[in-house]
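give the three-dimensional model of this entry:
(one chain, ligands or ions: 2)
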Amino acid sequence: MTMTEDRSARRLQATGTENALELRGISKLFGALRALEGIDLTVRPGERRAVLGSNGAGKTTLFNCITGDFLPTTGTIRFFGEDVTAFPAHERIRRGLRRTYQISLLFTGLSVIDNIYIACRGVSRGRFSFIRPRRDDALMASAETLVRVVHLEDLKDTLVSSLSYGQQRQLEIAMALAGAPRFILFDEPAAGLSPTERSELVEILLGLPSHMGYIIIEHDMDVALRVADFVTMMHNGRIFKEGKPAEIEEDPEVQTLYLGGGDDA
Ligand SMILES: Nc1ncnc2c1ncn2[C@@H]1O[C@H](COP(=O)(O)OP(=O)(O)OP(=O)(O)O)[C@@H](O)[C@H]1O
Ligand SMILES: [Mg+2]
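Ligands and ions are numbered 1, 2, ... in the order given. Okay, the predicted model is just below:
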């Protein structure tokens, strides 16, 4: 058995019995502000979940608690069965959790492929190495694969500063995919994209390997409902409804709250 087969066999074993994510009683206070309150959330392995909610609902704070960027004030977080509540972010990354940010974090002076290469190298050793990449063939092969996954192969030697906004968001997805994660958190990947770029994004997300679960925060209902198996609605730091995309779409309460919920900044 090769190392890769061994790894995927272990992953299947893990995914057979445990939820990808299990949040119980998560709250997060910023001083007197309750950004999250009493969040219970279960996501199965390979599941694609959309989190919708108006500005300030607590969606990004939820991500920050899951990734370890913030410690929750109360509650527990399990990732594939393991209690990671107190783990620092890099320990969660090591276990196969990734995220993208609402604000772009790319090396704009480097090419597309170099950015992906750095991301691959970053998760294979320590994080945040700023030395110019020295080529490692296996990592370069992974980077070459990822550049195709996000449909940027024709632009792989282009400087990031010359990419369109939408192409930069595609690149961020490739970087989140470095090191074959088990679960990804996408924070509004469609924000600011043109209709064409949105379709491209939807295709990329639908094309991800089926074992790779994710949560996508999305203001665009159309995008969310196309790329998710299940939808969680948040409002004022709480989950107020969960359901299949069709149920959510038809729900009058969701429609009122959501359409009244402010625009996408
Ligand atoms: N680091 C922080 N310090 C203090 N308050 C914060 C912090 N981060 C978020 N908040 C507050 O917590 C609440 C939830 O914010 P959050 O960013 O999670 O909302 P969101 O649902 O992601 O909104 P948006 O759709 O605008 O991105 C808001 O009232 C916000 O001002
Ligand atoms: Mg947010």
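
grab the nearest non-local neighbour of Asp251.
Computed as Cβ to Cβ, 6 or more residues apart in numbering, the closest residue to Asp251 that is not its neighbour in sequence is Lys241, at 6.6 Å. Placement of C-beta: from N, CA and C, glycine included.

so what's that neighbour up against?
Going by Cβ atoms under 8 Å, 6 or more residues apart in numbering, Lys241 touches 232-233, 248, 251, 253-254.

the helix or strand containing it pairs with which strands, and in what direction?
With the criterion set as DSSP states H and E, the secondary-structure element containing Lys241 is strand 238-243. Strand 238-243 pairs in its sheet with strand 230-235 (antiparallel), by DSSP bridges.

the partner strand near ligand 1 at all?
No. Contact check for strand 230-235 against ligand 1, using Cβ under 6 Å from any ligand atom: none in range, with a minimum separation of 6.7 Å.

how far out from the middle of the chain is that strand?
With Cα atoms, centre = their mean, to the nearest Å as the basis, strand 230-235 stands 16 Å off its chain's centre.

name the surrounding residues that touch that strand.
Outside strand 230-235, the residues touching it (Cβ under 8 Å, 6+ apart) are 41, 47-54, 57-59, 62, 224-225, 239-245, 248, 254, 257-258, 261.

make it 7 Å
41, 47, 49-54, 57-59, 224, 239-245, 248, 254, 257 (Cβ atoms under 7 Å, 6 or more residues apart in numbering).

stretch 213-227 near ligand 2 anywhere?
No. Counting by Cβ under 5 Å from the ion, ligand 2 has no neighbours in stretch 213-227; the shortest distance is 6.3 Å.

wait, what's in contact with Phe240?
The contact partners of Phe240, by Cβ under 7 Å, 6+ apart, come to Met233.

can you give me the strands for this protein?
When secondary structure is read from DSSP state E, the chain shows strands at 21-30, 33-43, 48-53, 74-79, 82-83, 97-99, 183-187, 213-217, 230-235, 238-243.

redo those as CSV? Include distance to Leu146 and mean pLDDT.
Rendered in CSV, the data for the strands of the chain read as follows (distance: least, Cβ to Cβ, whole Å; pLDDT from 0 to 100):
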stretch, distance to Leu146, mean pLDDT
strand 21-30, 23, 98
strand 33-43, 23, 97
strand 48-53, 19, 95
strand 74-79, 23, 98
strand 82-83, 26, 97
strand 97-99, 12, 95
strand 183-187, 13, 96
strand 213-217, 15, 97
strand 230-235, 26, 94
strand 238-243, 32, 94
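
residues contacting the residue in the stretch 101-250 of the chain positioned nearest to ligand 2?
In the stretch 101-250 of the chain, no residue comes nearer to ligand 2 than Gln102, which is 5.2 Å away by Cβ to the ion. With contacts defined as Cβ under 7 Å, 6+ apart, Gln102 is in contact with 60, 187-188.

near ligand 2, list only the ones from those residues.
Near ligand 2, taking Cβ under 5 Å from the ion as the test, the members of the contacts of Gln102 found are Thr60.

can you list the contacts of Gln102 in a markdown table and add neighbour count?
Formatted as a markdown table, the entries for these read as follows, by neighbours: other Cβ atoms under 10 Å:
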| residue | neighbour count |
| --- | --- |
| Thr60 | 19 |
| Asp187 | 21 |
| Glu188 | 22 |
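
out of the contacts of Gln102, the closest to ligand 1 would be?
Each of the contacts of Gln102 was checked against ligand 1 using Cβ to the nearest ligand atom; the closest is Thr60, at 3.2 Å.
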